[in-house]
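*Asks:* Sequence plus the predicted model coming up.
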Amino acid sequence: MSALVAVVPVRAGVVPAGGLEAIAEAGGRAILIGSGASTATTDLGAARDVTVVDINVSDPQAWGRAAADVLSRLGLADSVVVPASPDGRDLAPHLALALGVELFSGATEVTPTRVRVARRGGLAIAEHRPAGRFVATLQPGVRGVDPASMAPTVNNVDIGAPESSTAVMSQEVLPPDVSTMDLAEAPRIVGGGAGLTDAERFAQLAEFAKSIDASMGVTRVITDRGWAPHQRQIGTTGIVVDPKLYLAFGVSGAVQHTSGLGQPDHIISVNTDAHCPMMQMADLAIVSDANAVLDELAALLSKDSAS
C-alpha cells in the first residue's frame, strides 16, 4: 500500500492557502516546489520530512514534470496530495499526467486508499477507492492544520534548469479581485445573513466589502432566497473559509455557518440580538440594526471618496 506525500507549489517563498493542510493530510511528508521554496520552510505546521526544490519558472507544466522527476529520484511511489489553491489546481493535472495516474479534484478527505470529493457545490460527497497511485487536490479549510511537534527534516534537491513548455506561458501575475476570488482564500470576509432585508442590501454589502479589500460571503438562507450565488455561501454545505477578519452583518450564527468559519483572528458582529451565537463569538459585538449600520458605513465611504 502506498503512503501519501504532499506536493506544494510555492510562489515567491509563500506557501499557498491549504498548503499546510495538504502537508498534514499527508502525515507531514512534503515536497515544496517553486520560486523561493527554500525560504518557505520556517512555519510548516506538522511537517516532519520536507524536500525543497527551487525552480524559478511560473509554469505549471514544468512544475509537474519537475515534481514527477523528484518523486522518481527519491524512489517514492506514493499518492500525492496537492492544495487546491490556484497554483495547486494548475499543477495537479500536469503532475498526474507526468506520473500517468488518476486525478481527483476538490477532495475533502484523502487517505492512501480512499478519496472523498465534494460534488454539487458541496451538497454531496462522492467516495472513491483508487486501485493504485493517484493525485488529489485538497480543498483549503476542510481539515485544519495540525500543530508542530518538532522541527522538520529539510533536504534540498537540485534539478537544474527546468525546460519550460510552450503550452502555458505566464505573462504577468495580478493580485486577486476581492469581489470574485475564491472565498476559501480570502483573508477578509464581510458576511451577510437574514438580518439584511432584501437583495439590494447584498449589492450594497458587496460594494462595502470591496471598499475595504474584503470578499462578500453569505449564509445559506440568503442563497436559498436567490439573493447571492452559492459560491458565496459560507458553511458546511457551502465554502469552508479561514479569514483573518470576519465582519458579520445580521448573521445569527447557526452551527452550519459557524462550523465553516475556520478560526478567524478577529470577528466583528452587528446584530439586534445581543445573545445570538455570532455575537457570543465576536471580539467586537455591536448591538444594532445591520441595515442601519450598513447605510452609515456607505455614507462615510461616500463622503471619504468625495473629499
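*Replies:* Sure, I can see it. None of the values given here were measured: they were computed from a predicted structure.
*Asks:* ok, what's across the strand from Asp54?
*Replies:* Beta-bridge partners of Asp54, counted by DSSP bridges, are Gly34.
*Asks:* and it, what does it touch?
*Replies:* Gly34, Ser35, Gly36, Ala37, Ser38, Asn156 (CB atoms under 8 Å, 6 or more residues apart in numbering). Just so you know, the C-beta spots here come from the backbone N, C-alpha and C atoms, and that holds for glycine as well.
*Asks:* what pLDDT does Ser170 get?
*Replies:* Note for Ser170: predicted pLDDT of 64.
*Asks:* Can you report how many residues neighbour Ala131?
*Replies:* 8 (other CB atoms under 10 Å).
*Asks:* Please apply the same query to the one 4 residues further on.
*Replies:* For Val135, the count of nearby residues is 29 (other CB under 10 Å).
*Asks:* Show me the domain layout of the chain.
*Replies:* 4-156, 183-306 (automatic domain parsing).
*Asks:* which one of these has the lowest average pLDDT?
*Replies:* Among these, domain 4-156 scores lowest, at a mean of 88.
*Asks:* so how far is the first residue of it from its last?
*Replies:* End-to-end distance of domain 4-156 (CA to CA, to the nearest Å): 20 Å.
*Asks:* Same check on stretch 207-216?
*Replies:* Termini of stretch 207-216 sit 9 Å apart (CA to CA).
*Asks:* Can you name the residues in contact with it?
*Replies:* 178-179, 181, 183, 186, 188-192, 202, 205-206, 228, 232, 245, 247, 294, 297-298, 301.
*Asks:* Out of these, which end up buried?
*Replies:* Buried members of the contacts of stretch 207-216, scored by 16 or more other CB atoms under 10 Å, are 178, 183, 186, 188-192, 202, 205-206, 228, 232, 245, 247, 294, 297.
*Asks:* Looking at those residues, which are in helices?
*Replies:* Phe202, Leu205, Ala206, Leu294, Leu297 (DSSP state H).
*Asks:* Show me where the protein has its helices.
*Replies:* Using DSSP H, helices in the chain cover 19-25, 60-73, 86-99, 199-211, 220-224, 255-258, 277-281, 290-306.
*Asks:* closest one to Arg120 among those?
*Replies:* helix 220-224 (13.2 Å; CB to CB).
*Asks:* Distance from the chain centre to that closest one, please.
*Replies:* 22 Å (CA atoms, centre = their mean, to the nearest Å).
*Asks:* for stretch 221-229, same thing?
*Replies:* 22 Å.
*Asks:* And for stretch 198-208?
*Replies:* Distance, centroid of stretch 198-208 to centroid of chain: 24 Å (CA atoms, centre = their mean).
*Asks:* can you pull the buried residues of that stretch?
*Replies:* Neighbour-count burial for stretch 198-208 [16+ other CB under 10 Å]: Arg201, Phe202, Gln204, Leu205, Ala206, Phe208.
*Asks:* Adjacent strands (with direction) for the biggest strand by length in the chain?
*Replies:* Taking DSSP state E as the criterion, the chain has its longest strand at strand 102-110. Partners of strand 102-110 in the sheet, by DSSP bridges, are strand 115-119 (antiparallel), strand 134-138 (parallel).
*Asks:* one step back: ok, so of the buried residues of stretch 198-208, who is nearest Leu91?
*Replies:* Among these, and counting by CB to CB, the member closest to Leu91 is Ala206, at 31.0 Å.
*Asks:* Turn the domains of the chain into TSV, including distance to Glu172.
*Replies:* Putting the domains of the chain into TSV (distance: least, CB to CB, whole Å) gives the following:
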stretch	distance to Glu172
domain 4-156	10
domain 183-306	19
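*Asks:* Ok, which of those comes nearest Leu174?
*Replies:* domain 4-156 (11.3 Å).
*Asks:* List the contacts of Pro111.
*Replies:* Careful, residue 111 is Thr; it's not Pro. Here Thr111 is in contact with Leu4 (CB under 8 Å, 6+ apart).
*Asks:* try Gly260
*Replies:* Per CB under 8 Å, 6+ apart, neighbours of Gly260: Gly141, Ile234, Gly235, Thr236, Gly238, Ile239, Val240, Val241.
*Asks:* If we use 6 Å, what do you get?
*Replies:* Ile234, Gly235, Thr236, Val240 (CB atoms under 6 Å, 6 or more residues apart in numbering).
*Asks:* Done for today, thanks.
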